[in-house]
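A.B. asks: Sharing a model that was predicted from the sequence below.
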Amino acid sequence: MIIESLKSLYSRDLNQLKTEIESYQNENALWKTDQNISNSAGNLVLHLVGNLNHFIGAELGKTGYIRNRELEFSRKDVPRTELIEKVAATIAMVDHVLDQLNPEDLEKEYPLVVFENKMTTGYFLIHLITHLDYHLGQINYHRRLLDS
């Protein structure tokens, strides 16, 4: 039950991320920053893709993904089509990895200490959704402010 709910939430929110990217009227606006907005929407997309591919793909799914977090925030002008492809691949990866888990796996300790304390895999998967949604909201706001 909980795994299906997690799959549904990740799918819903990652598909909404694709919709946000597609909603920019000016593709170049994806990379705009402003005096009070230091991260572009494009960099936030790269960050979300990197984050999920690292913590779900590499750690839980053993995909072999190697994260370059610095590049998530420094890379610029990635074409919109490539961003959408990266999000679509992330949706497929998350779905595949979660399909491999069972309810007992969610109660196990997550393999990395990400914060100060150990946590269960289930707790961290829920945290990752909230992290995705936090940045999804930022991207929506970014689009409404800077897409002109």
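C.D. replies: Perfect, I can see it now. Numbers count the residues shown, from 1 in each chain.
A.B. asks: Nearest residue to the middle of this structure?
C.D. replies: What sits nearest the mean C-alpha location of the chain, by CA atoms, centre = their mean, is residue 48, with 2.8 Å.
A.B. asks: How about residue 33, nearest residue that isn't a chain neighbour?
C.D. replies: Computed as CB to CB, 6 or more residues apart in numbering, the closest residue to residue 33 that is not its neighbour in sequence is residue 40, at 5.4 Å. Heads up, the C-betas are built off the backbone N, CA and C, glycines and all.
A.B. asks: Can you check the pLDDT for the one you found?
C.D. replies: Per-residue confidence (pLDDT) for residue 40: 98.
A.B. asks: Surely it touches residue 142?
C.D. replies: Yes: in this structure, residue 40 is within contact of residue 142 by CB atoms under 8 Å, at 7.3 Å.
A.B. asks: More neighbours: these two, which one.
C.D. replies: Neighbour comparison, residue 40 and residue 142: the larger count goes to residue 142, with 24 against 21 (by other CB atoms under 10 Å).
A.B. asks: quick one: the helices in the chain?
C.D. replies: 2-23, 41-52, 59-60, 69-74, 80-100, 103-107, 121-146 (DSSP state H).
A.B. asks: how far does stretch 106-124 stretch from start to finish?
C.D. replies: End-to-end span of stretch 106-124 (CA to CA, to the nearest Å): 9 Å.
A.B. asks: swap that for stretch 71-83, sorry
C.D. replies: Note: stretch 71-83 ends 14 Å apart using CA to CA.
A.B. asks: pLDDT averaged over that stretch, what's the number?
C.D. replies: Across stretch 71-83, the average pLDDT comes to 98.
A.B. asks: Report the distance from it to the chain centre.
C.D. replies: Centroid separation for stretch 71-83 versus its chain: 14 Å, with CA atoms, centre = their mean, to the nearest Å.
A.B. asks: for stretch 108-123, same thing?
C.D. replies: On CA atoms, centre = their mean, the centre of stretch 108-123 falls 18 Å from the chain's centre.
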